[in-house]
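*Asks:* pasting the structure only:
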């Protein structure tokens with residue numbers, strides 16, 4: 001029987017889980033697919049180019065592919081980023097992604113992928129997808145790369161050659177020495193093939209211009225010729241040397257086979273051009289077998305056959321293991337191999353005077369070669385052009401940044417955002433800085449567009465006044481005020497520079513807090529002293545049995561083979577200074593996710609999680625954290641969480657999220673972003689409005705109270721040491737603080 005109390009309870013909406021805000025029920029939003037994104041993500045666009053696109057669903061976003069790739073840097077986080085973009089359906093973003101052309105397809109990422117997502121296949125498919133986007137005309141690209149229509153190219157080519165032979169030559173050898181010019185005279189063959197070579201070159205030039213505009217939002221034809229020429233020289237040297245491809249450890253013969261095909265293709269193209277000129281000049285043909293041009297052509301033909309044969313054997317072996325290649329790959333390799341084989345066969349048949357087979361084989365050879373030439377803008381030959389252009393583009397950025405008097409030459413999208421003419425500004429291009437310097441009055445808006453080096457010219461009070469003027473600029477909204485500049489300030493160089501100076505001034509004040517004085521002493525003491533005196537570390541360990549329970553239940557230890565909480569405890573208990581220093585310089589202490597599983601299962605109730613946190617603090621205090629990738633990332637973390645606490649009284653600013661800028665989180669992050677504004681409205685928690693609810697701008701009194709607590713705990717001294725060590729590490733790496741911040745924020 002229902003009690004009278006329960007009978008009086010108000011009925012709630014089925015979506016009401018009993019949560020309350022100011023006495024009002026908060027309903028949970030209806031559930032949506034975990035694959036939801038603002039752009040309605042759909043990865044099916046890649047299906048025509050990739051047989052393994054379904055494996056995307058198994059991607060864990062673990063980053064093993066990026067960690068494996070020797071070419072992945074802060075400038076190119078492939079292939080994890082690209083795999084996520086595919087899952088989000090960001091077709092335009094991927095088509096304009098220059099980084100896909102810096103991948104050489106060594107397949108190491110697929111070999112090391114723990115979930116079998118095959119990122120190498122995805123990267124290869126993206127290059128074909130982008131090629132189709134750039135292609136001119138695009139309808140021809142669809143015909144060439146479609147297994148159902150590709151044969152039309154060969155039918156059309158064969159019909160064209162039949163018409164030429166009917167008009168100018170003969171279908172069977174006549175009496176006398178066997179000469180292929182009797183089938184198709186050189187006077188007809190050379191001009192026609194020359195024209196049919198120029199047309200694809202024009203088409204690939206149009207495709208290259210489209211690619212450049214997609215990458216840089218500017219015209220290829222507006223580049224500075226002298227600098228672009230030097231960029232192309234560097235790019236050609238790099239590609240011909242195969243320096244990057246040689247760094248791949250998977251299938252060591254692959255770089256050599258690639259060299260063989262590339263140099264053979266280029267060599268045969270050059271020899272064909274030279275022979276055409278000699279024939280037009282009246283030079284007798286065919287050449288003797290001992291002629292240097294003939295010897296070279298045979299060497300190149302052997303390299304072409306050997307290289308393409310190797311790649312075909314690899315694909316056959318991969319197919320046997322379930323890793324099938326696309327028609328796009330197979331068709332090109334088979335065509336190149338047949339071009340080499342039929343070319344050698346025509347020479348052998350002519351030398352042996354096998355009249356019955358000579359002309360038919362020569363005809364097939366011409367069909368294949370002509371098909372390769374006219375389809376150049378739509379096959380892997382186009383990939384070579386786009387890769388060359390991508391490498392040249394990166395070199396162009398670097399060279400452009402070092403040239404003087406660039407104001408009139410810099411494309412608009414490379415200019416500093418938010419900087420009016422006549423202001424001091426810096427825009428980093430590649431690894432160098434572009435500076436346009438003139439004198440002019442400076443406003444807060446102008447300072448927001450500057451980097452650390454430019455801001456160094458301004459006094460502390462100028463920067464602080466400008467910062468707080470922007471931060472407190474308000475617009476009325478509802479019953480409160482909206483602060484439009486909070487998102488723009490968060491994480492900017494302007495905010496980082498303001499915080500650095502502000503905190504340095506507070507740390508240097510004579511009225512040091514007790515904890516700051518303690519941290520200053522700890523910074524000068526051995527690591528073993530810290531473990532004996534730091535409050536958390538001192539109480540973290542009681543009696544360790546070395547049972548391994550902490551390691552057995554640790555999710556991080558399961559994911560990272562080298563991570564072992566028990567070994568961290570053992571190092572802490574060892575009293576060995578060198579061993580502790582090695583631990584603090586490694587990535588190991590940063591693998592812990594602070595989930596607390598080790599604490600809850602420890603039979604001796606040790607605080608392993610607290611110990612790891614204490615060691616992290618010590619590493620940053622001593623500067624050992626800059627010796628590891630994950631340790632260096634704490635500089636970015638200090639300007640994320642700490643800056644938000646210091647300036648906004650919250651740990652995170654929630655409107656800074658962008659699925660495209662944070663690929664690690666994948667489609668689930670996209671769902672969060674898609675629902676974010678709806679959630680803000682539902683709970684009344686906009687992060688850039690007045691109030692004290694989570695994420696909102698607090699009153700000056702509340703912020704001042706929080707800052708006094710942070711200072712009292714000694715955190716400011718630790719933040720200052722992190723800043724000091726980051727500046728020293730940046731100087732060692734030859735970077736300024738802006739470049740260093742971008743490096744540590746994106747690497748790993």
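*Replies:* Cool, got the structure. The model shown is predicted, which means the values in this text are computed figures rather than measured ones. Numbers count the residues shown, from 1 in each chain.

*Asks:* pretty sure residue 234 is touching residue 393, no?
*Replies:* No - applying C-beta atoms under 8 Å as the test, residue 234 and residue 393 come out as separate, 11.1 Å apart. All C-beta atoms are positioned from the backbone trio N, CA, C, and that covers glycine.

*Asks:* For these two, indicate the residue with more neighbours.
*Replies:* Ranked by neighbour count (other C-beta atoms under 10 Å), residue 234 and residue 393 place residue 393 first, with 21 against 16.

*Asks:* Check the secondary structure at that one for me.
*Replies:* Under DSSP: H, G, I helix; E, B strand; the rest coil, the three-state class of residue 393 is helix.

*Asks:* need the contact list for it.
*Replies:* By C-beta atoms under 8 Å, 6 or more residues apart in numbering, residue 393 lies in contact with 98, 212, 215, 216, 231.

*Asks:* cool, and residue 344?
*Replies:* When contacts are counted by C-beta under 8 Å, 6+ apart, residue 344 touches 298, 301, 305.

*Asks:* State the distance from residue 151 to residue 343.
*Replies:* Distance, residue 151 to residue 343, using C-beta to C-beta, to the nearest Å: 22 Å.

*Asks:* out of the two, which sits in the busier spot?
*Replies:* In this comparison of residue 151 against residue 343, neighbours counted by other C-beta under 10 Å, the higher total goes to residue 343 at 22 against 11.

*Asks:* Make sure the more buried one is actually in contact with residue 301.
*Replies:* Yes - the pair residue 343 / residue 301 is scored as a contact, 5.7 Å apart, by C-beta under 8 Å.

*Asks:* that older thread, can you redo the contacts of residue 344 as TSV with distance to residue 277?
*Replies:* Listed next are the contacts of residue 344 as TSV, based on distance: C-beta to C-beta, whole Å:
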residue	distance to residue 277
298	20
301	20
305	26
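
*Asks:* Return the list of helices and strands in contact with the helix or strand where residue 205 lies.
*Replies:* Using DSSP states H and E, the secondary-structure element containing residue 205 is helix 186-216. With contacts defined as 3 or more C-beta pairs under 8 Å, 6 or more residues apart in numbering; DSSP states H and E, helix 186-216 has these neighbours: helix 119-134, helix 151-168, helix 254-280, helix 355-374, helix 380-402.

*Asks:* Residue 629 is nearest to which of these?
*Replies:* Evaluated over the helices and strands packed on helix 186-216, closeness to residue 629 peaks at helix 119-134, with 20.1 Å, by C-beta to C-beta.

*Asks:* Kindly calculate the angle that that closest one makes with helix 186-216.
*Replies:* What separates the directions of helix 119-134 and helix 186-216 is an angle of 110 degrees, with axes from the mean of the first three to the mean of the last three C-alpha atoms, to 10 degrees.

*Asks:* following helix 119-134, which helix or strand shows up next?
*Replies:* The element immediately downstream of helix 119-134 (helix or strand, assigned by DSSP H and E) is helix 138-144.

*Asks:* hmm, who's touching that next one?
*Replies:* With contacts defined as C-beta under 8 Å, 6+ apart, helix 138-144 is touched by 131, 132, 135, 149, 150, 152, 153, 375, 377, 378, 379.

*Asks:* let's see 7 Å
*Replies:* The contact list for helix 138-144 (C-beta atoms under 7 Å, 6 or more residues apart in numbering) reads 132, 135, 149, 150, 152, 153, 375, 378, 379.

*Asks:* Please apply the same query to stretch 315-332.
*Replies:* When contacts are taken as C-beta under 7 Å, 6+ apart, the neighbours of stretch 315-332 outside the stretch itself are 49, 50, 51, 128, 145, 147, 150, 379, 380.
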